[in-house]
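[1] Can you look at this prediction? I've put the sequence above it.
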Amino acid sequence: MATTTICGAALSTMAGGALVATVATMLPAVAQAQDYTSGAVVISVDDASGAPVVGAIVTLKSQAQGVTKTLKTGATGSATATGLTPGEYDVTVSASGFDDYTGTASVIVSQSVTYTYALNTTGATQTVVVKGKRVRQDFNKTTSGLSVDLTTLVAQQPIGRNIEAVTLLAPTTVRSDAFGAATIGGGSAAENAYYINGLNITNPDTYVGGAEVPFDFYKTVDVQTSGYAAEFGRATGGIVNATTKSGTNELLFAVHGNFAPNSLRSADWDVTGAPGKYISSDSNSISVEAGGALIKDKLFLYGLYQANDIKSTRATSIDNYYQKAESKDPFYGLKADWYITPQQHLELTYFDTTATTDYIRYNYDPKSDVVGSAITNGKATNKSGGENWVAKYTGNITDWFTISAAYGISKDANDTTPENTKINYAEQYDYVTGQAYRSSTTQPYKTLGVDDTERKFFRIDGDLRFNALGRHHVRFGYDNEDLSMTKVTRLVGDTPVLVRLYGYLNDPANADSTDFAYFASSPDGWYPTGDDQEAGSNSNHFVPRARLLYENLGGKVSGQDSAYYIQDSWDVTSTLNLQIGLRNDTFKQSNLSGEQYLDLKDNWGPRLGFSWKPSEDSAWRFTGSYGQYYIPPAMNLGFRGKDYYFYERFRAPTGGFVPGVTVDSVTGLPTGYGAVSAPAGSYSSLCPTSDIGNAPGNPVSTPGASSCIVYGAGVQEPAEGKAAVGLKATRESEVTLSANYRINDNWTVGATFVDRILERVSEDTDFAPYIVDYCTNVLNVDCAAPYPGNTYGYGGTLPEYHVWNVGDSITFKTFHPLPGQTDVSTITLKDLGFPKPKRDYKALTIDFKRAFDGKWGLQGSYTYSRSYGNYEGTTYTFGGGDTGQTDAGSTQLDDYLGLTDYSTGILPNDRTHQFKVWGSYAITPEFMVGANVNLISPQHLSCMGTYPDLNNAAANYGVASHYCNIVDGQPGVPSPMGKGPKTDWVKQIDLSLRYTFPDSMMASHKLVLRADIFNLLDNKMITGLNTDSDDGVDPTYHNPDYGKPTSYASPRYVRVGFDVSY
């Protein structure tokens, strides 16, 4: 399987008709990637005997913009035009002594297309007639994936109006149910790179997805799933490269309406804690686009404005609220093109994705299933998106050398602000179920957050063409991205504290405060264990108390990603092409104090490939490639370097916690506390601040008391010790082989095999326990307890995370001097027992395509794949469902050795079987029907539980270990990755209906009415399941919700729309 192309008839086939005495062959061939926004054409001119015609004049004229380029064939009879805007071109070839040729050629983004023309001698009696349409041949290209023209796609297929829906059409792509984004080629949802007109719009915080741009703004989308060239990097999954529409010589004005009302949506299904009857979704938009030439053939402008009206609702029986969400912000987009000369092109793209979503929460009583009045302070606002722009210059210096340069800025945001940030959040914790319930009637939000990112980039590229033992196209360049992120997460309240009161539900079926009993003493038969015990207390009873969580995280971090690359597309012969490329990536990051802590350099990645045909006229084509890809850690790795995060507990005041007496019945917050809860279990570290005394109820923390669990003391991690000495970036190697056969002008079939192996991973691990062992066994000192130079010691809960290549030996600098030393130590640790990260993805794809001929078209693929190992990728699903972790590059999988137990197996991104078929049929010239059918095998989830040894640090992570609680009252048993429950097969049929009013009815404009029906049969498909086998505290407790659905695929819904163009 090479890249499948979905274009209009003119793009997917050669122009037909009768051509007299001019053409012998017109078989185009596509070479390796040209660049992010443009394409190239190579014209080869031969005489009737096959000898090259030297000095032939070739003229290319853009049908859309009228820009003309004139070329002259050299000694090999070939000429090249680079930096061309994608689209259709009129071609004229003339040479002394030969008849002229006139026809068309297609230019495709990120590709170089070769056309060969054989001219007949002037006056020759031979007449060659070419009829019908000839299918393009992807000759030199070794990239696999999917290229689509969105105008054509939307006209023929039912498709979600977002970039992920297009991506999922490509083979080896599946939806990540935990993260809502596509996974490509076995990678996680955070291993893809997204570009629009060369601007990287990938989320730099989490690496999951990219900026949301309206569908009507796009012109083409190129999904590269494997075998991509040296120019593309920073991805171990795939590349999603899009271009926008541009103005042309033809004046454009169009209006598009899309309406998906909740009234045309089937009912959602119930999941645990979220009744389906309260789920609703209304998504409506109207787009207005206009474009044209300000100066014919020279200066063009295109713009799009989209008005949006998006609403949704949901309810939760855990936090007892019903929520409405609404967003109405418009989108603005602009594309300007200035052809200074036919050889020089300047373009500017601007778009604004800024959007505000307003939330309001209402009281919800799950017992009576009634939605009540709005909650006091129940409003919140989320701001997302930002302004983006990119400018690019392309200049053809000579026929054999082209240069381009681009500069741009992309911004994104995810800022959430509750209506009242001064009131603290209160909750009640049911020790039976391990579930916390909101108890405050005036504060329904726990946190506020700021997450603003900015990426500034610059790149320069050159294209050099020459002949030496064949024809060469050498592309080389440099690109640099400067990244910054301001990210803050803190609990609400003047003092960022969340208050939890412990108790149990009198009626477990309900969760309102009247059914809740605070602990005065524990019921008969309940015994505290671990951290629930308290020194000096009666071990047979729980101590009435409150737990206070103090959390204030983040600040500003920065980074830099840069790369050099070079790639030669070498036509050794007319039937053999070699791709020889090399890329060198560098990744740098600085912490919250502005100090550089990460410098991953010399990441050399070869990109090699071949394309071979048995003969020039052969219908067969064989390709293969080998490449190494690297990906940087996401920016949030630095965000977690100065955490202020700890717990402290206080006893109840005299008389206990009594609603209306010692607990405010409105806020749910205590009005007073007793003494600090005596140290027990993990609650034995020195509390890092006295600010907690300003929390509601004014708890009194005894100075110097060791009664906290401390995960962050608000102190910046030293930059010089964060990364291991000699740290290398995450690396993946890939091998592909493919065969493609052209049956006739309409039908093609192919097969592709992909083998991807994750060779190396950079992740963080808490090395505090190993430093304690080093102190004991090597230095003969105790560094577990606090000592001068280390307030908390290395034996408490305060971690010391270092980034390393997991499974190797490690050399690093400690954050603190060891006992008896005045400076930090450099230590080396070996044989730590961590398994080497493994992810082996193998896939075999069979694909076919029947090109649309004006009447019908059909294409599809079947992929058999297996993703096996112990490392899902830079995100971590925790076995599936809705509990995914998006700390790309710093997941918790390798934080402690215990978390790696039994972690090898079928990975969450595995979908063994993938059937994808879509097509369209024109019943009449005006009425077209399209369908998209998906049949995808289930996701293999894991049964997760709490580490059975509560003294092991892995147990502090709660439900994060591969131990499964099968029988209540007994500890969990080993359960390898992928041996838990499975989701359902995806069995979905989408249908589209299009009616285009005939020209006889539309005198001045064109009108199309359309309807898309998604999940036509309304199949009930589970996409997420609860994989928590216990409550995260007691490994012997069996969670009754284990294995129950947490999410379903969308039910049947209908989207109607119209298109009016003038």
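    Done, it's in.

[2] Please identify the buried residues of stretch 277-291?
    278-287, 289-291 (16 or more other C-beta atoms under 10 Å). Glycine gets a C-beta too; all of them are placed from N, C-alpha and C.

[3] Quick one: mean pLDDT for the lengthiest strand in the chain?
    In the chain, taking DSSP state E as the definition, the longest strand is strand 545-571. The average pLDDT for strand 545-571 rounds to 94.

[4] Next secondary structure after that strand?
    Heading C-terminal from strand 545-571, the first helix or strand you meet, by DSSP states H and E, is strand 576-590.

[5] just the angle between the very next helix or strand once past that next one and strand 545-571, please?
    Note on strand 576-590: by DSSP H and E, the next helix or strand toward the C-terminus is strand 596-612. For strand 596-612 against strand 545-571, the angle by axes from the mean of the first three to the mean of the last three C-alpha atoms, to 10 degrees is 40 degrees.

[6] going on from strand 596-612, what's the next piece of helix or strand?
    Remark: after strand 596-612, the chain's next helix or strand is strand 620-631, criterion DSSP H and E.

[7] Check which helices and strands that following strand is in contact with.
    Judged by 3 or more C-beta pairs under 8 Å, 6 or more residues apart in numbering; DSSP states H and E, strand 620-631 is in contact with strand 576-590, strand 596-612, strand 730-742.

[8] Residue 149: which of the ones you listed is closest?
    strand 730-742 (20.6 Å; C-beta to C-beta).

[9] and the spatially closest residue to residue 52 that is not a sequence neighbour, what does it touch?
    Spatial nearest neighbour of residue 52, excluding adjacent residues (C-beta to C-beta, 6 or more residues apart in numbering): residue 77 at 2.5 Å. Shown in contact with residue 77 (C-beta atoms under 8 Å, 6 or more residues apart in numbering): 44, 45, 46, 51, 52, 53, 54, 56.

[10] next one: residue 218
    Applying C-beta under 8 Å, 6+ apart to residue 218 gives the contacts 150, 163, 196, 242, 243, 244, 245.

[11] let's go with 7 Å and repeat that
    Shown in contact with residue 218 (C-beta atoms under 7 Å, 6 or more residues apart in numbering): 150, 242, 244.

[12] Now that residue 995 has come up, it's in contact with residue 924, right?
    No - assessed by C-beta atoms under 7 Å, residue 995 is found out of contact with residue 924, at 9.1 Å.

[13] Neighbour count: those two, which is higher?
    Set side by side, residue 995 and residue 924 show more neighbours around residue 995, with 16 against 9, by other C-beta atoms under 10 Å.

[14] Do a quick rundown of the strands in the stretch 851-1000 of the chain.
    Ranges of strands within the stretch 851-1000 of the chain are 856-869, 905-906, 913-922, 927-936, 963-964, 973-974, 986-996, based on DSSP state E, counting those that start in this stretch.

[15] so residue 1017 sits in a helix?
    No - going by DSSP: H, G, I helix; E, B strand; the rest coil, the assignment for residue 1017 is coil, not a helix.

[16] Can we start the residue count at 26 from this point?
    Taking 26 as the first residue, the last one we looked at is residue 1042.
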